[in-house]
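Undergrad: fold the following for me, if possible:
(chains A and B)
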Amino acid sequence: MSQSGATVSQECITAYNDLKLNKKYKFIIYKLSDDYKEIVVEEASDSKDWEAFREKLINATSKSRSGAVGKGPRYAVYDFEYSLASGDGLRYAVTQKNYIPVVLAPVTDRLCSNKLTFLAWSPDDAGVQPKMIYASSKDALKRSLTGIATELQANDPDDIEYDSIIKTVSKGLAG
Amino acid sequence: MAQQPLSSAAQPTDIYGGDEVSALVLDPGYCNTRAGWAGEDVPKSILPSFYGHSTATPTQNFFGDERLIPRADFEIRNYMNKDSVVEDWDVAPKIWEHMLINRLQPDKQTPPSKNGLNDDPKEKTQDGEGDVAMEETENQEIEKLLQENPLLVTEAPWNTPKAREKTTEVIMETWGCPAFWLSRTPVLSAFAAGKATALVIDVGGANTSVAAIHDGMVLKRSIQKSPIGGLWLSSQIRSLWETSEPKVTLTPTYMVENKTPVDALAPVQARLRQFPYQIHSSFRAYEEERVLTEFKESVVEVWNKPGRLNSPGNEEFAKTLPGRVFEMPDGWNQMWREQRFKLTEGLFDETAGYPLPEEERVAKNQTIPALIRAALEAVDVDLRGNLLANVVVTGSTTLINGFNDRLQNELAAMYPGMKIKIHAAGLTSERRFGAWIGGSILASLGTFHQMWISRKEYEENGPGIVEKRCK
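TA: Numbers count the residues shown, from 1 in each chain, chains lettered A, B, ... in the order given. Predicted coordinates for the structure are as follows:
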């Protein structure tokens, strides 16, 4: 359980498994339900358009206690796929913290790698209340998603530019 | 609350579904203690952790700024030690009760027959047994007054297990609260900034601390602290005033009866108040601190241009920057220029600043950059990048002009090529009360119901439960 007491709905895990094992989606955006009790899936999509994904995060909203709608934090899982800059056929065995190897989907190019990335999006100009709730509920979601390779915390639109993110995700190996 | 959660059909449907409205949040610090209702934006009651103690018989304690006035046989004490750990367990609960009950729930005040104001003081001194009896009824009242309020208390990450147990006992035994929780201040500050992973730099009154938070947990080995904070800065200002030419005399406000405006650097024309009794040195020190605080708020700045203040050319440049005039309570006024920057330089550079007595001098490993380096070196190398990209700055002393820019410069120089991002709340209140606000939101969440340590759980496990649950 998270430190806020918020729980993770089953659909979060189902959608994640569809993404991880069946490659049904490219990304999933999670949010806290309107009563802030449970983490639910806001959108799962197979769209490969990073900019569209980024826009969705930037335009996300949350309601504060007074009912005012402002910018809102989100969680997301994105299945990054990238080719490696060094061409010696280096493949990544993506492992999770407790060393269960993640099965990678077959990739067409031998010099490709992919990584399941967990993104905690919390814009600095969101209200302190939603920020607090999302930050204190995060570990519940992250812990129920097994096989996440990288985790990122992003706080302004610059942080989620594709180029800067892929550099972090690939540890500078993407070409 | 102690009752079972309502079934989902019966729950109120407003936003945040069935929020906790009766929870209280208490955030004790060395300079101030903050208390208020969970769910509110700022703490309703902010009291100095300093209190007045009358040494005349019967001894008496005075809480609240407005009661700290010149009196005979009157000392100023603090219930905390300089590490922000509660030291005086007789007084701490009294101050907290004063805040949680008298200040926050005035409608629930004790009836006049019992509030002690109408007691005959003679009777009290003569009849020792009567005193005990009165205290007992008082305790029962308190128990009644707080037994509907779950209480979240914040603590420094280095709080001792003994102090934690003691806090628990006060909450559960003395006050009879239905449930409680202890939270570490840097975790709350990080959460309030929207981060579960962060490097929290807290420059407060009595000390400065740096702690790495990962997934909402304090990494114990990373915790660094040093006494450079607001009070240390006060000693810098004292040193500046003592060494400046002509020497500046610090006359606190309470001593000045009237004053005539004078030109800058002109002799003071003021009449001082005379007291028919001895003013204790601790009272004077406390009053002096008020003047020093005002000076910090209006004059002091941090050098935020490239390099350090003692880098070649910078000091000359600082002299050309516009100065600020400060008027002392007795009318003495003077323009301060490059001194404004030199005062804070010691936060970053142990060789800079004004001379201090041996025991207050900053060691090489106590400056803010040194604390950050030590904190980062204590954590896994893979985490460091993430932490540097998520630096959270909190604490009142960070509100000094230029602090964040300077911190950014220092970090960029220490970790070239790394992405460094500092997050500091724009609202003054969020920076001053970061931990309290975090606790307020957390304790007000409907879902936090399941997190509170309930009375039942406490009774089954004893005070040791807090070590198990509040990590």
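Undergrad: tell me the secondary structure for the closest residue to chain A within the stretch 351-471 of chain B?
TA: Closest to chain A within the stretch 351-471 of chain B is B:Thr447: 3.5 Å, counting by CB to the nearest CB. The C-beta positions use only the backbone N, C-alpha and C, and glycine is treated the same way. Using DSSP: H, G, I helix; E, B strand; the rest coil as the criterion, the local structure at B:Thr447 reads helix.
Undergrad: with B:Pro306 instead?
TA: Going by three-state DSSP: B:Pro306 is coil.
Undergrad: could you say which helix or strand contains the closest residue to it other than its chain neighbours?
TA: If the residues on either side of it in the chain are set aside, B:Pro306 comes closest to B:Asn409, at 6.6 Å by CB to CB, 6 or more residues apart in numbering or on different chains. Element membership of B:Asn409, judged by DSSP states H and E, is helix B:403-414.
Undergrad: that helix: which residues count as buried?
TA: Under the neighbour-count criterion of 16 or more other CB atoms under 10 Å in any protein chain shown, helix B:403-414 has B:403-404, B:406-411 buried.
Undergrad: count of residues packed around the nearest residue to the residue of the stretch 351-471 of chain B closest to chain A once chain neighbours are set aside?
TA: The shortest distance from B:Thr447 to any non-neighbouring residue, by CB to CB, 6+ apart, is to A:Gly5 (3.5 Å). A:Gly5 has 20 neighbours, counted by other CB atoms under 10 Å in any protein chain shown.
Undergrad: for A:Gly5, give me the pLDDT.
TA: On pLDDT, A:Gly5 comes in at 88.
Undergrad: hang on, isn't the residue nearest to B:Pro306 packed against B:Val302?
TA: No: using CB atoms under 8 Å, B:Asn409 is not in contact with B:Val302, being 10.1 Å away.
Undergrad: one step back: sheet partners, orientation included, of the next helix or strand after the helix holding B:Asn409?
TA: Counting by DSSP H and E, the next helix or strand C-terminal to helix B:403-414 is strand B:422-424. Using DSSP bridges, strand B:422-424 pairs in its sheet with strand B:391-394 (parallel).
Undergrad: contacting residues around the strand it pairs with?
TA: B:189-190, B:193, B:195, B:198-203, B:403-404, B:407, B:411, B:420-425, B:431, B:434-435 (CB atoms under 8 Å, 6 or more residues apart in numbering or on different chains).
Undergrad: going by neighbour count, which of the residues you listed are buried?
TA: The buried subset of the contacts of strand B:391-394 - by 16+ other CB under 10 Å - is B:189-190, B:193, B:195, B:198-203, B:403-404, B:407, B:411, B:420-425, B:431, B:434-435.
Undergrad: what sits up against the helix holding B:Asn409?
TA: Against helix B:403-414 from outside (CB under 8 Å, 6+ apart): B:201, B:203, B:302-304, B:306-307, B:344, B:348, B:368-369, B:372-373, B:388, B:391, B:393, B:397-398, B:420, B:422, B:424.
Undergrad: so for it, mean pLDDT?
TA: So the average pLDDT for helix B:403-414 ends up being 96.
Undergrad: what about B:Lys220, how many neighbours?
TA: 12.
Undergrad: same question for B:Ala72.
TA: 13.
Undergrad: wouldn't B:Asp42 be in contact with B:Ser429 here?
TA: I think there's a mix-up here, since residue B:42 is Val and not Asp. Yes: the pair B:Val42 / B:Ser429 is scored as a contact, 5.0 Å apart, by CB under 8 Å.
Undergrad: so what sits against both of the two?
TA: B:Ile437.
Undergrad: from what I can see A:Leu116 touches A:Lys20, true?
TA: Yes: counting by CB under 8 Å, A:Leu116 does reach A:Lys20; the two are 6.3 Å apart.
Undergrad: more crowded one of those two?
TA: More crowded of A:Leu116 and A:Lys20, by other CB under 10 Å: A:Leu116, with 23 against 20.
Undergrad: pull the distance from whichever strand or helix holds that one to the chain's centre.
TA: According to DSSP H and E, A:Leu116 maps onto strand A:112-121. Centroid separation for strand A:112-121 versus its chain: 7 Å, with CA atoms, centre = their mean, to the nearest Å.
Undergrad: list the contacts of the residue nearest to B:Glu360 when sequence neighbours are not counted.
TA: Nearest residue to B:Glu360, sequence neighbours excluded (CB to CB, 6+ apart): B:Ser235, at 5.2 Å. By CB under 8 Å, 6+ apart, the residues touching B:Ser235 are B:356-357, B:360.
Undergrad: now the strands: where do they sit in chain A?
TA: A:7-8, A:27-32, A:38-45, A:61-63, A:69-71, A:74-83, A:112-121, A:150-154 (DSSP state E).
Undergrad: turn the ones you listed into CSV, including distance to B:Pro157.
TA: Below are these laid out as CSV (distance: least, CB to CB, whole Å):
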stretch, distance to B:Pro157
strand A:7-8, 27
strand A:27-32, 27
strand A:38-45, 27
strand A:61-63, 29
strand A:69-71, 30
strand A:74-83, 26
strand A:112-121, 22
strand A:150-154, 20
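Undergrad: how about the residues of chain A by chain B?
TA: Neighbours of chain B within chain A, by CB under 8 Å from any CB of the partner chain: A:1-7, A:34-37, A:63, A:65, A:67, A:73, A:120, A:122-124, A:126, A:128-129, A:131-136, A:138-139, A:142, A:153, A:155, A:168.
Undergrad: low-confidence stretches in chain A?
TA: Within chain A, the set of residues satisfying pLDDT under 70 comprises A:1, A:85-112, A:175.
Undergrad: is it true that A:Leu145 touches A:Val77?
TA: Yes: counting by CB under 8 Å, A:Val77 is a contact partner of A:Leu145 at 6.7 Å.
Undergrad: give me the distance between the helix ranked longest in chain A and the centre of its chain.
TA: Counting residues, the longest helix in chain A under DSSP state H turns out to be helix A:128-144. Counting by CA atoms, centre = their mean, helix A:128-144 is centred 13 Å from the centre of its parent chain.
Undergrad: okay, it in CSV with CA atoms only?
TA: Written as CSV, here are the backbone C-alpha positions of helix A:128-144 (Å, rounded to 0.1, in the frame of the first residue of the first chain):
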residue,chain,number,x,y,z
VAL,A,128,0.3,21.3,-4.0
GLN,A,129,-2.5,19.0,-3.1
PRO,A,130,-2.6,16.9,-6.2
LYS,A,131,1.2,16.8,-6.3
MET,A,132,1.3,15.6,-2.7
ILE,A,133,-1.3,12.9,-3.4
TYR,A,134,0.3,11.6,-6.5
ALA,A,135,3.8,11.6,-5.0
SER,A,136,2.7,9.7,-1.9
SER,A,137,0.7,7.2,-3.9
LYS,A,138,3.3,6.4,-6.5
ASP,A,139,5.1,3.5,-4.9
ALA,A,140,1.8,1.5,-4.7
LEU,A,141,1.5,1.6,-8.5
LYS,A,142,5.1,1.1,-9.2
ARG,A,143,5.3,-1.9,-7.0
SER,A,144,2.4,-3.6,-8.6
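Undergrad: against which helices or strands is it packed?
TA: strand A:7-8, helix A:10-22, strand A:27-32, strand A:38-45, strand A:74-83, strand A:112-121, helix B:185-192, helix B:434-444 (3 or more CB pairs under 8 Å, 6 or more residues apart in numbering or on different chains; DSSP states H and E).
Undergrad: switch these over to CSV; also include distance to B:Trp452.
TA: Formatted as CSV, those follow (distance: least, CB to CB, whole Å):
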stretch, distance to B:Trp452
strand A:7-8, 16
helix A:10-22, 25
strand A:27-32, 20
strand A:38-45, 19
strand A:74-83, 25
strand A:112-121, 25
helix B:185-192, 16
helix B:434-444, 8
